[in-house]
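J.: no FASTA, just this:
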């Protein structure tokens with residue numbers, strides 16, 4: 001499994017880059033082709049350097065877990081904002097003294113969620 005993750009992380013991007021570059025060279029304006037090739041060469045060189053520096057271990061799993069954690073955090077914040085908006089919408093007169101503002105309600109909802 002580690003070798004598959006490592007191949008996907010390191011080698012597949014270079015393969016995809018090569019395939020995309022070959023196809024784009026057929027449709028790019030000849031005046032811009034030299035610029036495209038120089039940029040493509042720089043990108044391919046960076047991808048090759050990552051392969052040369054490869055020690056056989058993938059960071060793909062750690063990066064995926066970080067992404068999942070970040071998405072969960074964003075989702076919980078979004079849910080809290082929706083809950084605060086529902087609470088705020090339920091109040092018919094927002095100018096009543098002592099009524100909490102939306103920010104305070106969102107903070108209260110976050111505390112309750114913990």
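T.: Yes, it's here. What you are looking at is a predicted structure, and each value in this text was computed from that prediction instead of being measured.
J.: how about the residue nearest to the spatial centre of the chain, what does it touch?
T.: Among the residues of the chain, the one closest to the centroid is residue 67, at 6.9 Å (C-alpha atoms, centre = their mean). Listed by C-beta atoms under 8 Å, 6 or more residues apart in numbering, the contact set of residue 67 is empty. (Each C-beta comes from the backbone N, C-alpha and C, glycine too.)
J.: so which strand or helix has it?
T.: helix 60-90 (DSSP states H and E).
J.: pLDDT (mean, whole number) over that helix?
T.: Computed over helix 60-90, the mean pLDDT rounds to 83.
J.: Walk me through the domains of this structure.
T.: Structurally, the chain divides into domains by automatic domain parsing as follows: 2-52, 71-113.
J.: can you tell which of those domains is closest to residue 62?
T.: For residue 62, the closest of the domains of the chain is domain 2-52, at 10.3 Å, according to C-beta to C-beta.
J.: Return the distance of that closest one from the chain's centre.
T.: 21 Å (C-alpha atoms, centre = their mean, to the nearest Å).
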